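>>> give me the fold of what follows.
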Amino acid sequence: MNPPSKPTPPTVWHRLDHFLARLRPHREPLSLVVDGLLIAFAWNVTYLFRIGFDRWFDARPWYDFWVMLGIIAAYLTLFWILRVPQSMWRFSGFGEVKRLTWACLGAGVACAATVMGLQLYGVPRSVLALHPLVTLMSVCMVRVGYRMLYEHSRAQITGGDKEVRRALILGAGQAAKRLMAGIHQQGWIVMGMLDDDPAKQGARISGVPVLGPLEAVSDRAVLGAATHLIIALPGAAARQRRRAFELASSAGLPVLTVPSADELRLGTGSAERVRDIEPEDLLGRETVQLDEQGIDMVLHGKTVLITGGGGSIGAELCRQVARYKPARLVLVELSEFNLYTIEQELSQRFPELPLLRLVGDVKDLDNLRNILRATRPAVVFHAAAYKHVPLMEEHNAWAAMRNNTLGSYNAALASAEAGVERFVLISTDKAVNPTNVMGATKRAAEIVISALVPAWPATRFMAVRFGNVLGSSGSVIPKFKEQIARGGPITITHPDIIRYFMTIPEAARLVLQAAAIGTSGQVLVLDMGEPVRIVDLAQQLIRLSGHAPEDIPIVFSGLRPGEKLFEEMLADSDTTIATPIARLRIARLRERGSDDESVDAWLTAFEALRYAEDEAIRTHLRRLVPEFQPPTH
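Residues are numbered from 1 along each chain as shown. Model prediction:
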């Protein structure tokens, strides 16, 4: 990692905003003090205007000072009743002027009536009449002047009319120093830092004080006028980062973060920039340690083909494979837009990588055969699939079976015929004891792929099974973010629903590792860690966006067709075998008995179901996948 660049010193406008922000938590008492001084100033100016400079002090009665104190007390009392001290001076406008007018007029009339009622004739009547007007002019001019100063300062800091962002940084290590090197130029004011290292607490780093440990983020005095929290702990252990996010989410402010260590290593993020919270930040899992040399031997200098290369998993596989410098990367994708999008990204990030971009459909066996004969890949990753459970469950069962099962068979068969060394099917946890059409079609895909093993020993056929992927298309994180941005409600199917989650990059890296160590006929299972309650995930997102949980309601809509409360990674009768990679295990699946229908016969009967009802499709799937049963809620 490059050494941190020299921090850009804050300008006088940064320092001024920082000073004013420090005063802002004490806005109401300070406002009363300033207004009291202005009322006293107006009282003396009125005397000066009435009797001239030569006599403006000597001509006053002996009790004038006590009258002035009483008038100040009366004005401030009415100001408090009308909530004048609670107003924000930097937003002062016509509404504030109108409220001050009524306050000054009411206080002036009450004070004049009291002075005359007490027969204090030494106070000139003209002073009593003019003082409210002078007071009104004074308090209004100070507020307008403050607003002008604030807006000019904001323009100097942000380069426009955007609000100044004031950050409290969690972490005071090298990442925070690198962030400080350029954050002022982006329109930020850093109010302070927090760090658990006792040696740093009370010190100043790049001119910014370390105000205390991370737990101090819950202290309103420490937060002050901060508008955002920035977590700068890219090199910390996942447990420490997760704790930092949990502490930050309780503060009620929007939370940002610096790029993770992996992003910095891969060059996809800059230490001087902050970004929104991403799914991997919420998951808080340790970085996967891979056998990089073994993966490199499988991919380096080879032609690699990826079906569904423009989808969430397929696109990340493209990015990960590109790092190992294959001889050529072949993308097969049905969506023209997705293909264009990933092609543009790869061309920019890996300009030396030869790309072949093909619009293709895995349901078209002849086209697949032509593509594979022409490109002769050594490794094929089959990521093309329909994966949306409720959508496939109703009226689309045939489409799901044709694409997920027959399409997988087509891709595997064409790969074997072309002499592919390794064929990797991307499967799902929903293939275990499936309760929905999507899961059943993916389990059927595992079975039909394994049926090719005896006839094609030169090709290694394997499947990799993992759970929900955070941030993929159709996943809960993008959906929840959109609902929060609209002000809610967040919709969740059931309060007790839990899921296993993995990030897209983590899943893609483990798929590559599975391709390197897997042998033919195996189903490899990714360790998904601890399950996550969906409602907990939603509540954490609400807090990290700067909202209180009660601000964004959560509505439970009921389980959807084919949906389980709990997902499984292995069937009850299955066992697993450890591999050298901690998060990768090999599943030993139930042996198919003599009574089970053969794959060839099942495939032969496939086309006859083209126009069949969904229930007929489910019946056909159960012939190959007997454990496929609808859920019991």
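>>> would you map the helices across the stretch 151-300 of the chain?
For the stretch 151-300 of the chain, applying DSSP state H, counting those that start in this stretch gives helices covering 174-180, 220-223, 238-249, 261-266, 279-283, 292-299.
>>> from those helices, which stretch is densest packed?
The highest mean neighbour count among those, using mean count of other CB atoms under 10 Å, belongs to helix 174-180: a mean of 24. No exception for glycine: its C-beta is placed from N, CA and C like everyone else's.
>>> quick one: mean pLDDT over it.
Helix 174-180 shows a mean pLDDT of 79.
>>> equivalent analysis for stretch 71-83, please.
Rounded mean pLDDT across stretch 71-83 is 85.
>>> run through who's touching it.
32, 35-36, 39-40, 43, 85, 99, 102-104, 106-107, 110-111, 114, 131, 135 (CB atoms under 8 Å, 6 or more residues apart in numbering).
>>> okay, buried residues for it please.
Neighbour counts using 16 or more other CB atoms under 10 Å place 71-72, 74-76, 78-80, 82 of stretch 71-83 among the buried residues.
>>> how about stretch 327-340?
Buried, per 16+ other CB under 10 Å, within stretch 327-340: 328-334, 338-339.
>>> tell me which of these fall in helices.
Within the buried residues of stretch 327-340, residues falling in helices by DSSP state H are 338-339.
>>> quick one: which of the buried residues of stretch 327-340 is nearest Val67?
Asn338 (79.4 Å; CB to CB).
>>> spit out the contact partners of that closest one.
309-311, 315.
>>> ranking those residues by neighbours, who comes first?
Greatest neighbour count in the contacts of Asn338, by other CB atoms under 10 Å, goes to Gly309: 30 neighbours.
>>> tell me the SS of that residue?
coil (DSSP: H, G, I helix; E, B strand; the rest coil).
>>> repeat for Tyr121
Assigned state for Tyr121: coil (three-state reduction, three-state DSSP).
>>> which phi and psi does it have?
phi -70, psi -10 (degrees, to the nearest 10).
>>> and if you look at the one 4 residues further on?
Torsion angles at Arg125 (phi, psi; degrees, to the nearest 10) stand at phi -60, psi -30.
>>> give the contact list for it.
112, 116.
>>> got it, and Val437?
Taking CB under 8 Å, 6+ apart as the test, what Val437 contacts is 392-393, 396-397, 400-401, 562, 614, 617-618, 621.
>>> pLDDT score assigned to it?
Val437 is given a pLDDT of 92.
>>> quick check: it vs Asn404, distance?
Between Val437 and Asn404 the computed distance is 9 Å (CB to CB, to the nearest Å).
>>> and the strands in the stretch 201-350 of the chain?
Remark: strands assigned in the stretch 201-350 of the chain by DSSP state E, counting those that start in this stretch are 204-205, 208-212, 228-231, 255-257, 303-307, 328-333.
>>> okay, those strands, which one's buried deepest?
Scoring these by mean count of other CB under 10 Å, the most buried comes out as strand 303-307, with a mean of 26.
>>> tell me what that strand is packed against?
The contact analysis (3 or more CB pairs under 8 Å, 6 or more residues apart in numbering; DSSP states H and E) places strand 303-307 against helix 312-322, strand 328-333, helix 365-375, strand 379-382.
>>> at 6 Å instead, please
Here strand 303-307 touches helix 312-322, strand 328-333, strand 379-382, going by 3 or more CB pairs under 6 Å, 6 or more residues apart in numbering; DSSP states H and E.
>>> now render the helices of the stretch 151-300 of the chain as CSV, adding distance to Glu343.
Below are the helices of the stretch 151-300 of the chain laid out as CSV (distance: least, CB to CB, whole Å):
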stretch, distance to Glu343
helix 174-180, 32
helix 220-223, 45
helix 238-249, 33
helix 261-266, 19
helix 279-283, 24
helix 292-299, 19
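>>> out of those, which is closest to Ala507?
With CB to CB as the yardstick, what comes closest out of those is helix 279-283 (10.8 Å).
>>> helices - which of the buried residues of stretch 71-83 land there?
Those of the buried residues of stretch 71-83 lying in helices (DSSP H): 71-72, 74-76, 78-80.
>>> next one: stretch 370-378 to chain centre, how far?
In terms of CA atoms, centre = their mean, to the nearest Å, the centre of stretch 370-378 is found 39 Å from the chain centre.
>>> got the buried residues for it?
By 16+ other CB under 10 Å, the buried positions in stretch 370-378 come out as 371-372, 375, 377-378.
>>> closest to Val359 among the residues you listed?
Closest to Val359 out of the buried residues of stretch 370-378 is Ile371 (10.5 Å), distances taken as CB to CB.
>>> where exactly do the helices run in the stretch 501-633 of the chain?
Using DSSP H, counting those that start in this stretch, the helices of the stretch 501-633 of the chain run over 504-517, 534-544, 599-604, 614-624.
>>> reformat these as TSV; add mean neighbour count.
Shown next, in TSV, are the helices of the stretch 501-633 of the chain (neighbours: other CB atoms under 10 Å):
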stretch	mean neighbour count
helix 504-517	24
helix 534-544	20
helix 599-604	14
helix 614-624	17
